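K.L.:
Build me a model from this:
(one chain, ligands or ions: 1)
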Amino acid sequence: MSRIIDGKEVSSYIKEQIRKKTEKLKNKGLTPGLAVVLVGNDSASKVYVRNKKAACELCGFYSASYELPEETTQAQLLELIAALNADNRIHGILVQMPLPAHIDADAVVKAILPEKDVDAFNPENVGRIMLGNHSFLPCTPAGVMELLKYYGISVSGRECVVIGRSNIVGKPMAMLLLHDNATVTICHSKTADLASVTRRADVLISAVGKKAFVTTDMVKEGAVVIDVGINRGEDGKLCGDVDFESVSKKASYITPVPGGVGPMTIAMLMQNTLTAAELSKRS
Ligand code: NAD
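P.N.:
As a prediction, the model looks like this:
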């Protein structure tokens, strides 16, 4: 039976550290500020935005939120971003994805100043992650690395397999593992004989978005299994990519969904906002 990696516990610990550092910063006259921008009526996005605002409050940040109607034009959104770029109360700008189809998400991401890009999606920040001289790490992969660190799981020299190659999870995840000296394989929808690759993994990370996708036959005995996926079962309940019931009997450590990687993403967003505020003081 595997040990459960408790993302709620780790994220609470991290947010408490951030709250303490924020208190000190505020005593020196600097309050970290995060602007969260939501366009449209996506119900999942609304929940994410609400959770991000709550986390800001808990950490003692200044937060500003903008809920714009679905018909907002790209020019209007870019105008708001320009205003937030110039606002020195705001250290981090987060535009909740996905955006409505008539808005070019790449143009929006590029418009955010790299030093306020707390999602780390701007091409400059993506490039810096590749080079290893980053200020901000992409929140979900950074959250996974923090979970591994908290539980004393080293990836150095070990076989790590990431399933999924998206720009927000799979690719940066692989890069962070590589920076920590893992031997990394990225799998994706065109990978041949996926199970033969995943069975090599000492640490298996799934970011696919398909319920019960990772089954026991794909997992090596004693592997660490990290489930990034967020899916809904027929019963409407949240679940990950991993068939938790069976895989938890074989893995040494496993993350649940919910309560695993999810809470870490927001904690890392708070960490990036704190970092952005600290860096603004130095510049
Ligand atoms: P995506 O759809 O952009 O990427 C999915 C990846 O899965 C693709 O790279 C694709 O190649 C791969 N894939 C699809 N079918 C496959 C198959 N049969 N075999 C192997 N690989 C296959 O999704 P994403 O944005 O990377 O998100 C992945 C999952 O993680 C989603 O469920 C998403 O909701 C979740 N997510 C969770 C968090 C969090 O905070 N926990 C954050 C971001 C995304």
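K.L.:
all contacts plus neighbour counts: C-alpha atoms, from now on.
P.N.:
Noted.
K.L.:
Tell me how far stretch 268-281 lies from the chain's centre.
P.N.:
Chain-centre distance of stretch 268-281: 15 Å, with Cα atoms, centre = their mean, to the nearest Å.
K.L.:
again, but for stretch 135-150
P.N.:
The chain centroid and the centroid of stretch 135-150 are separated by 7 Å under Cα atoms, centre = their mean.
K.L.:
what's around Gly103, how many residues?
P.N.:
Slight slip there: residue 103 is Ile, not Gly. 17 (other Cα atoms under 10 Å).
K.L.:
which element is it on?
P.N.:
Taking DSSP states H and E as the definition, Ile103 sits outside all helices and strands.
K.L.:
so it touches Thr73, yeah?
P.N.:
Yes - at 7.0 Å, Ile103 counts as touching Thr73 under the criterion of Cα atoms under 8 Å.
K.L.:
Gly209 - that's part of a helix, no?
P.N.:
No - Gly209 is assigned coil when assessed by DSSP: H, G, I helix; E, B strand; the rest coil, not a helix.
K.L.:
can you tell me how far the residue sitting nearest the centre point of the chain sits from the ligand?
P.N.:
The C-alpha lying nearest the average C-alpha coordinate of the chain belongs to Thr140 (Cα atoms, centre = their mean; 1.8 Å). When distance is defined by Cα to the nearest ligand atom, to the nearest Å, Thr140 is 5 Å away from the ligand.
K.L.:
confidence score at that residue?
P.N.:
Thr140 carries a pLDDT value of 98.
K.L.:
Please give me every residue in contact with it.
P.N.:
Counting by Cα atoms under 8 Å, 6 or more residues apart in numbering, Thr140 touches 168-169, 261-262, 264-265, 268.
K.L.:
That one looks like it's in a strand, true?
P.N.:
No - counting by three-state DSSP, Thr140 is not found in a strand; it is helix.
K.L.:
start the count at 15, not 1, going forward
P.N.:
Yes, from this point I'll number from 15; that puts the last item at Thr154.
K.L.:
Of the contacts of Thr154 - the most surrounded one?
P.N.:
Once you tally neighbours by other Cα under 10 Å, Val275 ends up highest among those, having 31 neighbours.
K.L.:
Quick check: that residue touching Val158?
P.N.:
Yes - judged on Cα under 8 Å, Val275 makes contact with Val158 at a distance of 6.3 Å.
K.L.:
Which residues of the stretch 165-297 of the chain lie near the ligand?
P.N.:
Residues of the stretch 165-297 of the chain lying close to the ligand (Cα under 6 Å from any ligand atom) are 177-180, 182-184, 201-203, 221-223, 242-245, 275-276, 279.
K.L.:
Show me how to select, in ChimeraX, the buried members of those.
P.N.:
Applying 16 or more other Cα atoms under 10 Å to those leaves a buried subset, and the ChimeraX line that selects it is:
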select :177,178,179,182,183,184,201,221,222,223,242,243,244,245,275,276,279
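K.L.:
Quick check: which ranges of the stretch 165-297 of the chain have low pLDDT?
P.N.:
Applying pLDDT under 70 to the stretch 165-297 of the chain flags the ranges 297.
K.L.:
Could you check how far Lys263 is from Leu113?
P.N.:
In this view, Lys263 and Leu113 are 40 Å apart by Cα to Cα, to the nearest Å.
K.L.:
nope, Leu161 is what I meant
P.N.:
29 Å.
K.L.:
who's more crowded, the two?
P.N.:
Neighbours around Leu161 and Leu113, counted as other Cα under 10 Å, are more numerous at Leu161. The numbers are 23 against 17.
K.L.:
Now do the contacts for the more buried one.
P.N.:
When contacts are counted by Cα under 8 Å, 6+ apart, Leu161 touches 19, 21, 24, 275, 278.
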